[in-house]
Structures are given as structure tokens and as C-alpha cells.
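*Asks:* sequence and predicted structure, then a few things I'm wondering about:
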Amino acid sequence: MTAKLIRNAYEAALTITAVLLSWGLALWLEGAAGLHTDVLVLAVALTLTLSSSQRTADTRRRLTALVLLPVTAGASIFLGRLIVSHYALGAVVYTAGMALAIWIRRYGPVATKAGTLLALPLVALLVVPGPALPPKAQSGLVTWGWSALVGALACGVVWLVQGLGDRFGPRPWRAEPDPGQPPRRSRLHPRPSTRMALQMAAGIAAAFAVGRLFFDDHWPWVVLTAYVAASGNRGRTDVLRKGIERLAGATVGTLLAAGVAAIGLTGDTSVALMFAVLTVALWLRPLNYAYWAAGMTCALSLLLGYFGQDALHLLPTRLEGIAVGAVLSVASAWWLLPVQRGRTPAARLAVRPSDG
């Protein structure tokens with residue numbers, strides 16, 4: 001356990017170093033180009049999510065990421081605008097994009113990795129607090145061109161930090177060999193990738209509808225939780241477990257953020273505390289997903305507080321949104337094309353779950 005904690009600390013240090021470097025570059029870009037502060041959030045979100053998926057990537061995978069991530073990051077900005085102006089249509093497009101990112105896994109490891117890159121900006125879109133920001137902070141949001149540039153910067157920063165860490169740090173991280181095609185085709189009908197895509201689509205679509213009806217501009221909390229709970233779905237029990245862990249961790253994280261708000265920590269101090277929380281969450285994430293959920297929720301609460309949201313006032317709403325998202329995702333996995341317990345191994349052979 002001690003060795004694992006040490007290794008986790010090293011990996012967390014690499015990731016947070018990349019995040020801080022990306023934050024610094026985005027901060028310079030914001031001042032030089034007169035951009036809005038949300039470019040910083042986009043840089044951090046993309047760097048965080050990219051760090052784990054690129055840790056064992058070979059040159060071909062990294063070049064693929066350098067092409068796909070800027071394109072999808074730019075496209076996600078158009079999707080964000082669409083959601084703001086035409087919510088129903090934007091929700092349909094977003095749901096279809098997430099389902100597509102999972103469905104294409106049927107075509108093998110290369111398609112699986114491409115699907116992961118497709119999903120990263122869509123997840124970041126929920127983290128970047130566009131419609132969830134106070135009205136005075138919603139003007140001048142980052143454009144698609146700058147978003148594409150931020151995506152390219154995130155790729156470069158992640159590769160630089162991880163490469164230097166492996167060259168000058170402890171024992172280099174060994175990339176896992178590409179497993180190639182599954183040893184045999186799954187006998188499940190429809191295929192596991194199709195099941196997972198349909199379950200994800202159902203959960204996210206329901207989250208968009210319920211989020212808009214009952215949570216107004218705070219719908220991203222419902223949708224994000226629905227995605228997280230269903231990501232890498234290995235069956236009913238797995239989704240239920242992750243939903244509970246997400247809710248428990250988010251409750252703790254929200255309470256921590258509310259405590260910080262209560263004692264009056266704001267501005268640069270809250271940003272520094274946000275990065276400290278992310279570091280601890282990254283360190284403990286391999287032990288249990290609840291730690292990561294708590295850290296991410298706390299960090300996001302601090303971020304929204306930095307933009308002017310009242311964490312204490314929104315505490316009940318946030319917890320309700322997270323609980324509803326978890327329930328919707330669990331219901332989708334349990335009642336829409338569920339995989340029977342005895343047939344799970346075939347599903348695991350047919351598709352590798354993503355790093356949810």
C-alpha cells in the first residue's frame with residue numbers, strides 16, 4: 001500500500017504540474033488576446049482529462065490526439081452555444097455525440113481511443129461553467145478558434161511534463177502493449193458497445209430533460225453525474241457503486257467548499273486551495289473513486305465561487321442535482337438492455353471500459 005501511495009503521489013505531481021503549466025499559459029493567453037477567464041477553466045479541464053488517457057500513449061496515439069482534440073474542442077464551443085440558444089436541439093446533439101464516442105468502440109482499440117478523445121471536450125463542456133455562470137460573467141466566452149488552440153496546448157503540455165518526468169524522475173512509466181482485437185467476438189446481442197451507448201444516451205437525455213425542468217441553469221450537475229456514473233459501465237452493480245461513490249464524494253466535496261465559503265476565503269486564495277484539493281484528489285483517486293468525486297466537486301464549487309456563485313446557498317440544489325443524475329444513470333443501466341451477471345465476461349472481452 002505504501003509503494004502504491006508513493007507511486008500515486010508521483011503521478012499526481014506530474015498531472016498537477018501539467019495543469020499548473022497549462023493554467024499559466026492560458027493566463028498569459030487571456031491577457032495577451034483579451035479573452036475571458038473561462039479559457040483558464042477549459043485549459044485545466046482538458047489537461048486533467050488528457051493526462052490519464054495519454055500516460056501510456058505511443059507516438060501514433062499522441063499525433064492522433066493532436067489532430068482530434070483541437071478539432072473537437074473547437075466544435076464543443078459551437079455545441080455549448082447551441083445548448084444556450086436552443087436547449088432541446090443542443091441536448092440531442094450532445095447526447096448523440098456521447099453515444100457515438102462509445103458506440104465506435106466496436107471497431108477496435110484505435111476507434112476506442114478516438115472515442116475517448118471525442119468525449120473529452122464534451123465532458124469539459126460540462127465543467128466549463130458557461131450557462132451556470134452568473135449573468136455578468138457570461139459575456140465574451142472563449143471562441144472556437146481559441147478553444148482549438150487551448151486543446152493543442154494541453155496536448156503539448158501533457159507530453160512535455162510526462163516525458164520529462166519519465167526521463168529525469170523515478171523509474172519510467174512503461175506503456176502497456178496494445179491488446180489488439182479481442183480474442184473472440186462477444187455473443188451478446190446487441191453488442192456491449194451498443195448497449196453501453198444506448199444506456200449512456202438514455203441516462204444523459206433524461207438528465208438534460210430533468211435538469212432543465214427542475215434545476216434551471218444548474219442542469220450541468222445532473223448531466224455530469226449521469227455521465228460519470230455510466231462511464232465504463234460493466235453492469236448493474238458497477239453503475240450502482242459508482243453512483244453511490246459519486247454522490248458520497250460530491251456531498252463531502254460540496255460541504256468542504258461551503259465551509260471554505262463560510263470562512264470567507266475568496267479570490268486568489270480560493271484558486272490556490274482549488275489546486276491543492278485537486279492534487280490530493282489525484283493522489284487518492286486510484287484507491288477509491290469517491291475521493292476523486294469529492295475533490296472534483298469541491299474544486300468546481302470553489303471555481304464557481306470564484307465566479308460569484310454562492311456555495312452555501314446552492315448546497316441543497318447541488319446535492320439534489322447530483323443525486324438525481326446518479327439515479328437516472330442507475331435506472332438506465334438496470335432497465336435498458338441490462339447485461340446479465342453471468343454474461344459480463346463476454347462484455348469485457350468485447351469492449352474496454354473508459355477511464356470514468
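*Replies:* Perfect, thanks for sending it.
*Asks:* now the strands for the stretch 201-350 of the chain?
*Replies:* With DSSP state E, counting those that start in this stretch as the criterion, the stretch 201-350 of the chain has no strands.
*Asks:* can you give me the helices in it?
*Replies:* Remark: helices assigned in the stretch 201-350 of the chain by DSSP state H, counting those that start in this stretch are 219-230, 236-262, 267-284, 289-306, 311-335, 344-350.
*Asks:* before we move on, what about the stretch 51-200 of the chain?
*Replies:* Using DSSP H, counting those that start in this stretch, helices in the stretch 51-200 of the chain cover 59-85, 87-103, 109-127, 144-168, 192-215.
*Asks:* need those in TSV (columns: distance to A248).
*Replies:* Placement of C-beta: from N, CA and C, glycine included. Listed next are the helices of the stretch 51-200 of the chain as TSV, based on distance: least, CB to CB, whole Å:
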stretch	distance to A248
helix 59-85	29
helix 87-103	24
helix 109-127	20
helix 144-168	30
helix 192-215	19
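*Asks:* for A250, find the nearest of those helices.
*Replies:* helix 109-127 (13.5 Å; CB to CB).
*Asks:* and that closest one, which residues are buried?
*Replies:* By 16 or more other CB atoms under 10 Å, the buried positions in helix 109-127 come out as 112-127.
*Asks:* and it, what other elements does it pack with?
*Replies:* With contacts defined as 3 or more CB pairs under 8 Å, 6 or more residues apart in numbering; DSSP states H and E, the packing partners of helix 109-127 are helix 38-53, helix 59-85, helix 87-103, helix 219-230.
*Asks:* average pLDDT for that helix?
*Replies:* In this model, helix 109-127 carries a mean pLDDT of 84.
*Asks:* tell me what angle that helix forms with helix 38-53.
*Replies:* On the basis of axes from the mean of the first three to the mean of the last three CA atoms, to 10 degrees, helix 109-127 is oriented at 150 degrees to helix 38-53.
*Asks:* starting at the chain centroid, how far to helix 109-127?
*Replies:* Distance, stretch centre to chain centre, for helix 109-127: 9 Å (CA atoms, centre = their mean, to the nearest Å).
*Asks:* sorry, back to before: so which of the helices of the stretch 51-200 of the chain comes closest to V252?
*Replies:* Closest among the helices of the stretch 51-200 of the chain, using CB to CB: helix 109-127, at 18.7 Å.
*Asks:* could you export that closest one as PDB, CA atoms only?
*Replies:* What follows is helix 109-127, C-alpha atoms only, in PDB (Å, rounded to 0.1, in the frame of the first residue of the first chain):
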ATOM      1  CA  PRO A 109      -8.700  -0.200 -29.900                       C
ATOM      2  CA  VAL A 110      -7.900   2.600 -32.300                       C
ATOM      3  CA  ALA A 111     -11.600   3.600 -32.500                       C
ATOM      4  CA  THR A 112     -11.900   3.300 -28.700                       C
ATOM      5  CA  LYS A 113      -9.100   5.800 -28.200                       C
ATOM      6  CA  ALA A 114     -10.600   8.100 -30.800                       C
ATOM      7  CA  GLY A 115     -13.900   7.900 -28.900                       C
ATOM      8  CA  THR A 116     -12.200   8.900 -25.700                       C
ATOM      9  CA  LEU A 117     -10.700  12.000 -27.400                       C
ATOM     10  CA  LEU A 118     -14.200  12.800 -28.800                       C
ATOM     11  CA  ALA A 119     -15.700  12.600 -25.300                       C
ATOM     12  CA  LEU A 120     -13.000  14.800 -23.500                       C
ATOM     13  CA  PRO A 121     -14.200  18.200 -24.700                       C
ATOM     14  CA  LEU A 122     -17.800  17.200 -24.200                       C
ATOM     15  CA  VAL A 123     -17.000  16.400 -20.600                       C
ATOM     16  CA  ALA A 124     -15.100  19.700 -20.300                       C
ATOM     17  CA  LEU A 125     -18.100  21.500 -21.700                       C
ATOM     18  CA  LEU A 126     -20.000  20.400 -18.500                       C
ATOM     19  CA  VAL A 127     -17.100  21.500 -16.300                       C
END
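*Asks:* now the angle from it to helix 289-306?
*Replies:* Helix 109-127 runs at 40 degrees relative to helix 289-306, counting by the same axes, to 10 degrees.
*Asks:* what's the most buried one of the helices of the stretch 201-350 of the chain?
*Replies:* Comparing those by mean neighbour count (mean count of other CB atoms under 10 Å), helix 219-230 ranks first with a mean of 28.
*Asks:* mind giving me the packing neighbours of that one?
*Replies:* Applying 3+ CB pairs under 8 Å, 6+ apart, one finds that helix 219-230 makes contact with helix 109-127, helix 192-215, helix 236-262, helix 311-335.
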